[in-house]
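Colleague: Sharing a sequence plus its predicted fold:
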Amino acid sequence: MKEKFILSTLILLIGGFLTKILGMIIKIVMTRLMGTEGIGLYMLILPTFSLFIALAQAGFPVAISKLVAEDTKNNKRLIFSLIPLSLIINVFLMIIIIIIAPFLSTNLLHDKRCLYALLAISLVIPLTSLSSMCRSYFFGKEKMLPHVISNLSEDIVRLSLIIIGIPFILPKGLDYAVCYVVLTNIVSELTSIIILFFFIPKDAKISKSDLIPSKIYIKDSLSISIPNTAARLIGSIGYFLEPIILTSSLLYVGYSNNFIINEYGIITGYVLPILLLPSFFTLAISQALLPIVSNLYAKKNISKAKRKIKQGIFFSLLIGIPATILLIIAPEFFLKLIYNTTQGSTYIKFLAPFCLLQYIQAPLSFSLDAMGKSKDNMKATLYGTIARTTLLFILSLFKIGIWSLIISTSINIIIVTTYNLVKVKSYVTKSS
């Protein structure tokens, strides 16, 4: 068990590191090709993108990983029970996006150039849902290599398409360029799905009984996926409302639209990606932790589950503490190195200590999912999002500019991490 956890973590760590590097390269290329305004425009629609991905996935990936890890069900029948339900949800969401996109771009995001990119989201979400469900099966089996290879291939394809396509499309306008960036996900997700199929055992056979949806399997999955989806939905709604509230409030108190887009682009395009760079490490630990803790908790082996959770937190802090110190001391160095700018250095110095708590948030959250306590993740997200959204609105009216976003984000991190930590400690103590 120990060797499997370390091996899984190492595979995910290496893959996560390479994926993060590719992600940063994609951001750098986008920034160089489209400029700060282009990145700002892309970041305006990104919360909406994240919201609909959360809705489209419906929490099924976490449910599949947990149930496959417990090893008590027909896994093929489990997958085929959820695929039809997932398709119905995705078709419904596609229609919703098409209907609301004009109103959303004009009246809420206050920029008509977002329209085409918002419409493009409807074409991407079904493939994102399917690829995430395929990955979750391999997670449950503790086979991390398929996930890593598919992720890397996905990013390489997307990077290639951005480098080749944006120079040709950009002369038509930033709105077309941002729309194209969203549409590159179609080809990259298809690539990911095809690669995952190559890892299915050659002797795997599907019988007619495997194709028949099981009401019991669907019910068990929904008991996990609904609270998980609610948590993601709450967080995504808060993220979705963020640029709307920020833009509307700051425009109301006298800031220009160009100032808001530029500063918001600095925070979301430069500052947060650098601060969350170490999160590839904590995510790798958390993903490796989920199937192991699920299996141990199902077998009532609480003491081992507790040790694995402690290891996850320890390893997260082991990388998080040095990263935080470096970012506080030399934020300009990392900004210059990665983005060839020093804009946002003050924001990094302020946020870095709070992001140390963010680094242990993932292991705690995944541990709650593994123990079947997704409702607590939902509550933590709810409390944090309410606090963040309320503070964002109130502080924006005090004419402190983008600092309203910085402060409200910090409070959100404190609330969510503290709540999850208390709950995880409570459950492992009661059960042991």
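Modeller: It's in.
Colleague: Distance from the helix or strand harbouring Tyr180 to the middle of the chain?
Modeller: Taking DSSP states H and E as the criterion, Tyr180 maps to helix 174-197. Counting by Cα atoms, centre = their mean, to the nearest Å, helix 174-197 is centred 16 Å from the centre of its parent chain.
Colleague: again, but for stretch 337-354
Modeller: On Cα atoms, centre = their mean, the centre of stretch 337-354 falls 21 Å from that of its chain.
Colleague: ok, and what's touching that stretch?
Modeller: 24, 28, 31, 266-267, 270-272, 274-275, 324, 327-328, 331-332, 334-336, 402, 406, 409-410, 413-414 (Cβ atoms under 8 Å, 6 or more residues apart in numbering). Where C-beta positions appear, they are placed from N, C-alpha and C, glycine not excepted.
Colleague: Kindly report the same for stretch 360-380.
Modeller: 59, 62, 66, 224, 227-228, 230-231, 234, 279, 282-283, 285-287, 289-294, 297, 305, 309, 312-313, 316-317, 320, 413, 415-417, 419-421, 423-424, 427.
Colleague: In CSV, list the C-alpha atoms belonging to stretch 379-391.
Modeller: What follows is stretch 379-391, C-alpha atoms only, in CSV (Å, rounded to 0.1, in the frame of the first residue of the first chain):
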residue,chain,number,x,y,z
LYS,A,379,-20.6,23.3,3.2
ALA,A,380,-17.0,24.5,3.3
THR,A,381,-17.3,25.8,-0.3
LEU,A,382,-20.7,27.4,0.5
TYR,A,383,-19.4,29.3,3.6
GLY,A,384,-16.3,30.4,1.8
THR,A,385,-18.1,31.5,-1.4
ILE,A,386,-20.7,33.5,0.5
ALA,A,387,-18.0,35.3,2.5
ARG,A,388,-15.9,35.9,-0.6
THR,A,389,-18.8,37.2,-2.8
THR,A,390,-20.2,39.4,0.0
LEU,A,391,-16.8,40.9,0.8
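Colleague: For burial, what's the neighbour tally of Ile200?
Modeller: When neighbours are counted by other Cβ atoms under 10 Å, Ile200 registers 12.
Colleague: scratch that, Phe103 is what I was asking about
Modeller: Phe103 has 10 nearby residues by other Cβ under 10 Å.
Colleague: Show me what secondary structure element comes after the strand or helix carrying it.
Modeller: Using DSSP H and E, Phe103 maps to helix 75-103. The first helix or strand that comes after helix 75-103 along the chain, using DSSP H and E, is helix 115-140.
Colleague: chain center to that next one, what's the gap?
Modeller: 12 Å.
Colleague: other SSEs contacting it?
Modeller: Counting contacts by 3 or more Cβ pairs under 8 Å, 6 or more residues apart in numbering; DSSP states H and E, helix 115-140 is packed against helix 2-57, helix 60-70, helix 75-103, helix 145-169, helix 174-197, helix 279-298.
Colleague: nearest residue to the residue nearest the centre of the chain other than its sequence neighbours?
Modeller: Among the residues of the chain, the one closest to the centroid is Ser50, at 7.5 Å (Cα atoms, centre = their mean). Closest residue to Ser50 apart from its sequence neighbours, by Cβ to Cβ, 6 or more residues apart in numbering: Ser236 at 5.1 Å.
Colleague: likewise Glu142?
Modeller: That would be Pro291: by Cβ to Cβ, 6+ apart, it lies 5.1 Å from Glu142.
Colleague: give the contact list for that neighbour.
Modeller: Per Cβ under 8 Å, 6+ apart, neighbours of Pro291: 65-66, 68-69, 139-142, 370.
Colleague: Can you flag the buried ones in these?
Modeller: 65-66, 68-69, 139-140, 142, 370 (16 or more other Cβ atoms under 10 Å).
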